[in-house]
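> sequence and computational prediction follow.
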Amino acid sequence: MNLLYWLCLYFGLQANTFSQSNTEITNPSNPISHASVLIDPTGLLSYQEILTPAYQEKFKPALSWGEELNFGFSSSTYWIKLSLSSKHTQTSSWILEIPYFGLDHIDFYASQESMTQTGNLMPVDSRSSFYRFYAFPIELSEEPKDFYFKIDSKQSLTIPLRLWEQSAFDKHIQTDTLIQAFYYGGLGILAAFNFLIFLYLRDRSHLYYSAFAILFGLGIFAGNGYGRLFIWPNSPQWDQISQIVFLTLGTGMALIFSTKFLNTKKEQPITNWMFNFLIIVFFTYAVVIIAAEYVNVSKNLIFEIFPIIVMPVIVIVLYAGFRAYLSGQYSAKFFIISWGTLCIGGVLASLRQLDLIPTNWFTSYALQISSSIEMLLLSFALASRIQHERILREKAQQEALFTKETLVQTLRASEERLERQVFNRTNDLRTMLESEKKLREQYIRFGSLISHEFRSPLGIIENQAALLIRQTDNDNYKKRLSIISSATHRLALLFDRWLQGDRLESHIDTDRPQLIQIDSWLKDTVEKCKGYHPNHTFTFISPAEVPVLVLDEKMLEVVVLNIIDNACKYSEPQSTVLIRILLDKNKVGISITDSGIGIDQANHEKIFEEYMQVQTGSSKRGYGLGLSFVKKVMEFYGGQIEVISALGKGSEFIAWFPETSIAQPTDQLQSI
């Protein structure tokens, strides 16, 4: 609402100014009817020369160029002669204003003795007043007096003339400053507001919009003369190109905003390619403009290119907006209207620069007026999109609530029916559970029997393979027999783990402790694992002195082999698995480290649950029982299993056996 008020105030003040100009003498007049123009293509004529009759005859009425002098891009020097008097007023103090700052050199001759040199390439102090445009105080009398301007510029050469009474001019400066302050304040508020929305929503559309608003605002700020006045007063060369640089960068950022807002990458890939090409063109063009300050390149040519490369932007942006709207993107209608408004202002400004339309207040401020409307409408477009997304979320929530209510009603309707069936089915379930229990017991006994029966022939095969290895000298046979022996041993271990799984399911109610020299036992186990996992490298590290453990060897195999299997399963081929023995006070640890995909911190506890499958992105899957067996074994012995892992950084599992598992000198158990 503040911005709407600002726009109303802006146009209201301007309309008030125009309405008063026809009735009050305190408003500016256009002295163009009293002006004549002499074009100097060489730029070498002096003030004394143009006063001669030969050159005085060459002055042509300024009205030939319209009510506003607009010569477009020109390398000539222009002499403007004004014959003024104060016949109809009592005021003698006047201000002759040129309300256009983009003029490189202005020489003002009030008389042969009085000459003022100023312009865009001159210091700010050369101006008669601290004002964004050029104002020259003059004294008028009833007798006509001639005043001369000598003007040249490498930018679009526009020379609007205004004649003010001193008091009216002072009020005009205050009003103009207030209006401009509202404009830049509005842009700043929109940019800051959308940047805060970006910080909250993390939607980059709002960030690109903020950057676009700031860059475009800086372009208008520089184009209105405030940049030279307040920010870079001692940089006239930069001031010449600052407006076009900021507008070019702003246009490039506007294209980036459009691709994000319209989602052209997904919805319009060909149009998105055109957008990306234009983005590169505009940012390259900005670099070329800056580089032109250091090389001998015609600035007129560079400035004339800008209106030309803007034309494709208008077509492509509006085309993409219409396509988005037709595809159902509701907020695109604000986007189309806002860009249409800015395009109209940009076209008018470009045509005025090329001297294809007359220069007046509206065409001079067309870009500023259209940009204020465009920025406001783009904010509406972003707000509309947020509102549309909120409506969709509310609709989804309502549908979810309706579905939930329907489900509750359905459940309530079936609850009574289920209650009636519960009693009858309870007896059936009890019978089924008893049958299932018997079947499970038979299944376990059958599995144990099969495991027991298979272990004997597998042991015979393994022993015979070992004898053949010792009896043959053929390396190729030895290698093949070694593979057979490893596979046989592996199969035997699988059956052993079946039996251990049965014991674990029974909460490990039995234990067959043995004295295990853990370092030599682990070394042998690692050697066997080389045959099971030929695509991995195993490294074993042990301290010099390692205590003897009192454990069930089969249970220890459950712990070590499960962890080693997981390490190989979730690691790349040819990677190294490190097995270490750790000593910590009264504890002994077996550490197994891999360089695999790792485990997220949030899943460190879940992986020890039965049938738990953590989503890792790997195609290799298990049954979710191995680590649960490991945890049960460690809990049985009063130890713990520790996990050190992070995604993409491998994993380390440490099985810590407590002091109660360490053999004492008095232990007389069977040694392994």
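Good, I have the coordinates. Numbering: from 1, shown residues only.

> would you map the strands across the stretch 51-200 of the chain?
Secondary structure of the stretch 51-200 of the chain (DSSP state E, counting those that start in this stretch): strands located at 60-61, 69-73, 77-84, 93-98, 105-109, 115-118, 134-139, 145-152, 156-159, 162-165.

> for the record, mean pLDDT for the last one?
Pointing back at strand 162-165 there. Average pLDDT, strand 162-165: 90.

> contact partners of that strand?
Strand 162-165 is contacted from outside by 25-26, 28-31, 84, 89, 91, 93-99, 135, 172, using C-beta atoms under 8 Å, 6 or more residues apart in numbering. In this view, the C-beta of every residue, glycine as well, is placed from N, C-alpha and C.

> do the fourth one as well
Counting contacts by C-beta under 8 Å, 6+ apart, the residues outside strand 93-98 that touch it are 28, 31, 82, 84, 86, 106, 108, 133-140, 147, 149, 159-166, 169.

> residues touching residue 188, list them.
If you count contacts by C-beta under 8 Å, 6+ apart, then residue 188 has residue 217 around it.

> pull the CA atoms of stretch 136-155 into CSV?
Only the C-alpha atoms of stretch 136-155 are listed here, as CSV (Å, rounded to 0.1, in the frame of the first residue of the first chain):
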residue,chain,number,x,y,z
PHE,A,136,22.6,28.4,-15.1
PRO,A,137,21.5,31.6,-13.3
ILE,A,138,20.8,34.5,-15.7
GLU,A,139,19.6,38.1,-15.5
LEU,A,140,16.9,39.2,-18.0
SER,A,141,15.7,42.7,-18.9
GLU,A,142,13.1,44.1,-21.2
GLU,A,143,15.6,44.2,-24.0
PRO,A,144,16.3,40.8,-25.6
LYS,A,145,19.6,39.2,-24.7
ASP,A,146,21.5,36.4,-26.5
PHE,A,147,22.8,33.3,-24.6
TYR,A,148,24.8,30.5,-26.2
PHE,A,149,25.4,26.9,-25.4
LYS,A,150,28.2,24.8,-26.9
ILE,A,151,27.4,21.1,-26.3
ASP,A,152,28.9,17.8,-27.3
SER,A,153,28.5,14.2,-25.9
LYS,A,154,29.4,10.7,-26.8
GLN,A,155,26.0,9.6,-25.3
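
> next up, the contacts around residue 40.
Contacts here follow C-beta under 8 Å, 6+ apart; on that basis residue 40 touches 76, 77, 78, 79.

> doesn't residue 654 make contact with residue 590?
Yes. The criterion here is C-beta atoms under 8 Å, and residue 590 meets it with residue 654 at 7.1 Å.

> need the overlap of contacts for these two.
Residues touching both residue 590 and residue 654 (C-beta under 8 Å, 6+ apart): residue 582.

> ok, and the closest non-adjacent residue to the most centrally placed residue in the chain?
The centroid of the chain falls nearest to residue 204 when counting by C-alpha atoms, centre = their mean (5.4 Å). Of all residues not flanking residue 204 in the chain, residue 260 sits nearest, at 5.8 Å (C-beta to C-beta, 6 or more residues apart in numbering).

> backbone torsions only: list them for the one you found.
With angles defined as degrees, to the nearest 10, residue 260 sits at phi -70, psi -40.

> any idea how many residues pack against residue 597?
When neighbours are counted by other C-beta atoms under 10 Å, residue 597 registers 18.

> just the buried residues of the helix or strand encompassing residue 540, please?
Using DSSP states H and E, residue 540 falls within strand 537-541. Of the residues in strand 537-541, 538, 540 count as buried by neighbour count, 16 or more other C-beta atoms under 10 Å.

> now do that strand: everything it contacts.
Counting by C-beta under 8 Å, 6+ apart, residues outside strand 537-541 touching it are 522-523, 526, 529-530, 574-581.

> which of the contacts of strand 93-98 are buried?
For those, a burial check counting by 16+ other C-beta under 10 Å picks out 28, 31, 82, 84, 86, 106, 108, 133-136, 138, 140, 147, 149, 159-165, 169.

> how about residue 224, what does it touch?
Listed by C-beta under 8 Å, 6+ apart, the contact set of residue 224 reads 101, 132, 180, 368.

> drop anything exposed from these.
Neighbour-count burial (16+ other C-beta under 10 Å) applied to those gives 101, 132, 180, 368.

> per-residue pLDDT, the residue lying closest to residue 327 once chain neighbours are set aside?
In this structure, residue 327 finds its nearest non-sequential neighbour in residue 267, 6.5 Å apart by C-beta to C-beta, 6+ apart. The model reports residue 267 with a pLDDT of 86.

> just to revisit the earlier point, can you flag the buried ones in the contacts of strand 537-541?
For those, a neighbour count by 16+ other C-beta under 10 Å gives the buried set as 522, 526, 529, 577, 578, 579, 580, 581.
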